[in-house]
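Q: The sequence and its predicted three-dimensional model are supplied below.
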Protein chains: 2
Amino acid sequence: MPTALPHHDQASRLLQQRGASLTPARVRVLQLLLAADAAMSHQDLQLAAGAGGRPFDKVTLYRVLDWLVAQGLVHSVTGHDRVRRFSPLHAHATHAHFECRDCGRLFCLDDAAPLASPALPPGFEPDHLEITVHGRCADCASPAA
Amino acid sequence: MPTALPHHDQASRLLQQRGASLTPARVRVLQLLLAADAAMSHQDLQLAAGAGGRPFDKVTLYRVLDWLVAQGLVHSVTGHDRVRRFSPLHAHATHAHFECRDCGRLFCLDDAAPLASPALPPGFEPDHLEITVHGRCADCASPAA
DNA sequence: AACGATAATGCAACCAGGTTGCAAGTCCGT
DNA sequence: ACGGACTTGCAACCTGGTTGCATTATCGTT
């Protein structure tokens, strides 16, 4: 195992640090998100969880995800297919996303582009910027991998 | 009427320029979008259309919107509430959006911010950038207007 | 180690946005 | 005015997501 810390332990640790209830569902979901290379949809998670044992209820999944988002451990992005995808937040203040036009997958770009907010009409109060690059991911751009 | 051209005429003209069938639904939808100050959701449009006569079928509305998007006359943005909103495209190559955290409304910022794409992993092909400013709009930021 | 308040889970039903298939109607060139 | 092609309307359907409530698990306390 090259990874310094298995994702399961990392997930548990993150949850314990918040003094939150350490439930299987939370650990499992966070673990899956930490191990993923792209943001995962609700469906992805349900499938992934089901593959390694008994899947949990979809409502539970939604609630766990909402909770993780509220805790600031995870954030959600809604792609053009109107599906929310989730990915763990590694304390990057700002980070952009890449959405593949072909497969719809969504990747986090850890590069923090330091750009200024565009000019706003008077009275508008900016909070944060969201940047998404659209295009084709490596898998979809090249014929076969 | 201070406007140089009523939106109805402007809409008809845009459609005729494409040599497309000039149907009431298309004219009406485009007209409403041109008159709006913020991007309109499917529901907004259905309500607005219903207010001034008989509302059209939701399927028709979806199809008209899809068609307008395919024609490049309109573009759609999916907000955090997973609702698509539509606004006319006035030939701005790039333009940012503002999404209000409170009322969910979505505005187009015509300011073309000339920013470079963030660094991408190898093999990724960027197509275009999407920038959304999140915050509170003027109406929601001030108590009463 | 057992106990109980508190919080998480599972189930069923429900809701909204969006899509599909098909019949009926409309547009536009001839 | 006619006919083919395109558009509209209806009904049924699909998926992502939510709500209410009963059941079960978690964790601090005893």
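A: That came in fine, so what should we check first? Numbering: from 1, shown residues only, chains lettered A, B, ... in the order given.
Q: three-state assignment of the residue lying closest to residue A:8 once chain neighbours are set aside?
A: For residue A:8, the nearest residue in space outside its immediate sequence neighbours is residue A:31; the separation is 5.0 Å by C-beta to C-beta, 6 or more residues apart in numbering or on different chains. Using the backbone N, CA and C atoms, a C-beta is placed for each residue, glycine as well. Look at residue A:31: counting by DSSP: H, G, I helix; E, B strand; the rest coil, its state is helix.
Q: Relative to chain B, how far out is residue A:31?
A: Using C-beta to the nearest C-beta, to the nearest Å, one gets 23 Å for the distance from residue A:31 to chain B.
Q: That residue and residue A:15 touch, don't they?
A: No: at 10.1 Å, residue A:31 does not count as touching residue A:15 under the criterion of C-beta atoms under 8 Å.
Q: the more surrounded of these two?
A: Higher neighbour count among residue A:31 and residue A:15: residue A:31, with 22 against 19, using other C-beta atoms under 10 Å in any protein chain shown.
Q: What does the pLDDT read for the more buried one?
A: Listed pLDDT for residue A:31 reads 93.
Q: ok, now which ones touch it?
A: Contacts were defined as C-beta atoms under 8 Å, 6 or more residues apart in numbering or on different chains; by that measure residue A:31 touches A:7-8, A:10-11.
Q: So in terms of bridging, what pairs with the closest residue to residue A:89 other than its chain neighbours?
A: Of all residues beyond its chain neighbours, the one nearest residue A:89 is residue A:75 (5.2 Å), with distances taken as C-beta to C-beta, 6+ apart. With DSSP bridges as the criterion, the beta-bridge partners of residue A:75 are residue A:87.
Q: can I assume residue A:75 is in contact with residue A:90?
A: No: using C-beta under 8 Å, residue A:75 is not in contact with residue A:90, being 10.5 Å away.
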